[in-house]
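S.K.: below are the sequence and a predicted model; questions follow.
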Amino acid sequence: MRNRLISLGTLAGLIAAIIAGCGSQPAAPTPPPAAAGKLNLDDWESIVAAAQGQTLNWYMWGGSESINRFVDEFYGVPLAERYGITLNRVPIADTVDAVNQVLSEKEAGTDPGAVDIIWINGENFLSLKQAGMLLPDWSRRLPNARLVDWDNPALAFDFGEPVEGYESPWSSAQFQLIYDSARMGEAGLPRSYARLLEWAKANPGRFTYIAPGPGAFQGTRFVKGALFELSGDAAQWVSHDQARWERWSPALWAYLNALKPYLWRQGETYPRDENELHSLFANGEVDFSITQAIAGAGPLIAEGLVPATARAFVFDDYMIGDVNYVAIPRNAPNKAAALVLANLILEPELQAAQILPEHGFGLGYAIDVTRVTDPAQLAALEAAQSRLGAAATPAADLAGALVGDAAGAYQRLVEDGWREHVLIGTGQ
Amino acid sequence: MTRARQTFGIWLALAPALAVVGLLVGASLAYGVAQSLGLLAILGTSQVSVAAYRDLLDGTGPAGREFWPALGFSLWVSLASTGLSALGALLVAAALGRRPADGTILLMLNLNLAFPHLVWAVALGLLLGQSGLLARLAAALGLIDAPAEFPVLVRDRDGLGIILHYVSKEMPFLMLIVLAVLRTQGTEYDLVAENLGADGWQRVRHITLPLVLPALAAGSALVFAFSFGAYEVPALLGVRYPRTLAVLALESFVNPDLRQRATGMALGLIIGLVTLVVVGLGRAWQRAEVRHDA
C-alpha cells in the first residue's frame, strides 16, 4: 500500500509540476506597484500593508459552536492584533450556500461581491472552479506554502480535481469509525468491510451508515471505501475510468445489498447526516458512528454528542483521508486580508492548536510537519500530538489505513447508483 | 358610465399592490421557467431545451427515476393530510353545533398556530421517534423490551409521520376557520330547522355543512397547496425514499452539479401546476355539490 502511495505521489507530483509549468504566467520584468485591487504576491509586505484595516468576510459552515469559537479565538484575535484585520465570520448552513452566493453574484455581475474567503473542498470547489469564479494562482505563492507538501496527491487533488493554486489547505481529515468501549471490547471490532458484514449478520439492526448523497459526503466515503476493498486497490480510482466503474460497481451494490437486511431498520431508511448517526449511536440504537476528525471521538465527547467512553478506530486499510481548504472568490472585496488569513492558517503554532479537541476544532494538519525547522514551532507540534489522548485513533493505525479519495466523477456515480441499486432497489 | 368609472377606480386602487405582486412573483416565475428550460447564466448556456421536463416524465436520469414515485407519494401525503384535517374540523363543528366555542379552546387552537412547522416537526420527531420520549417511556414501563421496538411512526415509508404532522398542525387551523364562520352565522337556521322537526344529523347535513363548506373548501385548498409544496416537514420526518416532490426539487437545485438546477426548477414548476390542477378540481367538485344541493 505504502509503495503504491509513494509511486502515486511521484506521478501526481510530476503532473502537478507540468500543470504548474503550463499555468505560470510569463514573468513580467517589473511587476506593477500594488495598486488598489491589484495584488502582487511576490511582495508579501505589500499584501500585508493592503490588508491593514480591511474587514474579512469568511463564509464557513457554522453548524458547530466549538468550531466557531475556535475560529474567533485562534484566527480572529491574531488577525486583529498582528494585521489590523477585522474578522467577520459569516456562518452558513451548508457551504453550497456560499457557492450559490458567488454564482448569483456572477450572474448579476456584482463585483466586488460579498464573500472574501470560503471554507471549501470537493464538489463545491469543483463548482466554483468550473464557473471560473476562483482567484487563480495564489496558494503556492504564500510565504507559508513552503510548509505544505504539494507533491502529496491527497493534497494536490481535491476529490480528484487538481488544486492548481486555486485554494490553500487548512486541515486534514480521515474517515474513522467510533465505538463505545463501555459496550464492546476492542478485540471484537471489525477491521475490514468483509468483517463488517459478518459482524452485522451476528448483530442485526446494530449498524447503519449515512445515506450517500449531496451534502452527505461521509456516506459516500463509506461506500467508496467498500469499493476500494472489493476492487483490492484504491489508487486506480484516482482517475475516472467508466469501464472500470462498470466492472466493479455491481460487486459494490451486491455487497451493500447483502449488508442491507442486517442494518438498522433493515435499510428501509438511513441517517441523513453525521449528527443523526451520532444520536442513533448515543441512544444505543446502533453500535457504530463515524468521524473525520484526527482527534477521533474527542471533539464529539467534548460536545456531549457521544458518551465519554466512545473511541475511534479504523479498518486495516481503505480509510479515505482528505484535506479541506480555503478559497478566495474572484470578486472578493478584501482579497489582501483573505490572503493574509490563508497564510496565517498555515502557521505551525496554529496548526498545532487545531488538532487538539479541547480547542474545539480537532482536525489534522495541512502542513507537512517534517518541513518545520523552527525549534519552538516543532515543540508546539510535538506537545499537541502527545495530548490527543485515548479517544483518538493511534497515529500509526491512521497512517497505515490512509488512502486518497477517488476522482470527483465517481461522487455522482456512487450517489446516484446507490439510490438506484441499494436504496430504491429491491435488494437483489 | 358610472359603472365603468367604478371598475376603473377599483383597478387603480389595486394597481400598487398588483404591481408589487406581479413584479416579484412574475419575475421569479419567469426566472424559474428560464432555468427549467436550461437557460443558466452561470453555465453560460443559451440553448432552450425541454430536456429537464422530458427526463422527469420519461423517468430517466437520477431525478427522473424518482419522479413518478415522488409525485404519488406527495399526492398521498397531501391529500390524506388535507382530507383528515378537513374531516376533523367538520366533526368538531358538528359537535359544537350552535354552542359558542369557549375561550380555552380558541386559545389552544391559536397557540398551535404560533408554532413554526419546523419546530413542530422536530418536536414530533423527538416525541415519536424510535429513540423518542414515548419509546423510552414505553420501555421504562415494560410495555416493550427496548426503545427500538417502538412502532415506526416517524421516518416511515408510508409518510405517516408527515401526515400526522400536517393533521396536527392544519386541523386546528381549519377548526378556527369553521368556528369563525359558525360564530358569525347565529343560531336562527338551526332553531328553525329544529322547529320543523329536523334531527341532529339532518341539521348538520343541511344547515351546518352548507354554511361552513365554502370556507372549509377554501381553507382545505390552502392546506393542500401548502403541504404539497412544503419542504421542511418531509425532509425532517420522511425517509430517504420515497421522497416528496419538494424534497426532490430542492435536492436537485442545491446539487453541486449545476446542470441539475434545471431539473430542480422544472420540479418546482410541476409542483405549482399540480397544485393548481388539484385545487381547480376541488373547486369544480364543490360547485357541483352546491348546485346539487340547491
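M.R.: Perfect, thanks for sending it.

S.K.: how many other residues sit next to the closest residue to residue A:184 other than its chain neighbours?
M.R.: For residue A:184, ignoring the flanking residues on the chain, the nearest one in space by CB to CB, 6 or more residues apart in numbering or on different chains is residue A:287 at 6.5 Å. C-beta coordinates here come from the backbone N, C-alpha and C atoms, glycine included. Residue A:287 sits with 23 neighbouring residues when counted by other CB atoms under 10 Å in any protein chain shown.

S.K.: roughly how far apart are residue A:287 and residue A:178?
M.R.: 10 Å (CB to CB, to the nearest Å).

S.K.: now do the shared contacts for these two.
M.R.: Listed as contacting both residue A:287 and residue A:178 by CB atoms under 8 Å, 6 or more residues apart in numbering or on different chains are residue A:281.

S.K.: so which bits of the stretch 101-250 of chain B are right by chain A?
M.R.: Counting by CB under 8 Å from any CB of the partner chain, the residues of the stretch 101-250 of chain B lying close to chain A are B:130-131, B:147-148, B:152, B:155, B:157, B:239-241.

S.K.: identify the residues contacting the closest residue to residue A:215 other than its chain neighbours.
M.R.: If the residues on either side of it in the chain are set aside, residue A:215 comes closest to residue A:94, at 6.0 Å by CB to CB, 6+ apart. Under the criterion of CB under 8 Å, 6+ apart, the contact list for residue A:94 reads A:61, A:215, B:254.

S.K.: can you get me a residue count around the closest residue to chain A within the stretch 51-200 of chain B?
M.R.: Among the residues of the stretch 51-200 of chain B, residue B:131 lies nearest to chain A; the distance is 3.7 Å by CB to the nearest CB. If you count neighbours by other CB under 10 Å, residue B:131 ends up with 19.

S.K.: thought it was touching residue A:278?
M.R.: No - here residue B:131 lies out of contact with residue A:278, judged by CB atoms under 8 Å, at a distance of 11.9 Å.

S.K.: quick one: contacts for residue A:204?
M.R.: Taking CB under 8 Å, 6+ apart as the criterion, residue A:204 is in contact with A:261-262.

S.K.: now the one 3 residues further on
M.R.: The contact partners of residue A:207, by CB under 8 Å, 6+ apart, come to A:196, A:199-200, A:259, A:262-264, A:286-288.

S.K.: restricted to buried residues, select the residues you listed in ChimeraX.
M.R.: The ChimeraX selection below is limited to those of the contacts of residue A:207 classed as buried (16 or more other CB atoms under 10 Å in any protein chain shown):
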select /A:196,199,200,259,262,263,264,286,287,288
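
S.K.: show only the entries of the contacts of residue A:207 found in helices.
M.R.: In this view, the contacts of residue A:207 that belong to helices under DSSP state H are A:196, A:199-200, A:259.

S.K.: so for stretch A:103-122, mean pLDDT?
M.R.: Stretch A:103-122 shows a mean pLDDT of 93 in the predicted model.

S.K.: how far off centre is it?
M.R.: 21 Å (CA atoms, centre = their mean, to the nearest Å).

S.K.: tell me the one among the residues of the stretch 101-250 of chain B next to chain A nearest to residue A:66.
M.R.: Of all those, residue A:66 sits closest to residue B:131, with 23.8 Å by CB to CB.

S.K.: I'd like the average pLDDT over stretch B:274-284.
M.R.: 92.

S.K.: which residues are contacting it?
M.R.: For stretch B:274-284, contacts defined as CB under 8 Å, 6+ apart pick out B:71, B:74-75, B:79, B:217, B:220-221, B:224-225, B:228-229, B:245.

S.K.: can you put those in CSV and add neighbour count, secondary structure and pLDDT?
M.R.: As requested, the contacts of stretch B:274-284 are arranged in CSV below (neighbours: other CB atoms under 10 Å in any protein chain shown; DSSP: H, G, I helix; E, B strand; the rest coil; pLDDT from 0 to 100):
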residue, neighbour count, secondary structure, pLDDT
B:71, 19, helix, 96
B:74, 25, helix, 97
B:75, 16, helix, 96
B:79, 15, helix, 96
B:217, 19, helix, 91
B:220, 23, helix, 94
B:221, 18, helix, 94
B:224, 25, helix, 96
B:225, 19, helix, 95
B:228, 23, helix, 96
B:229, 18, helix, 94
B:245, 26, helix, 95
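
S.K.: which helix or strand in chain A has the lowest average pLDDT?
M.R.: helix A:2-23 (a mean of 45; mean pLDDT, DSSP states H and E).

S.K.: ok, then the element right after it?
M.R.: Secondary structure here is assigned by DSSP states H and E; on that basis, the next helix or strand after helix A:2-23 toward the C-terminus is helix A:44-51.
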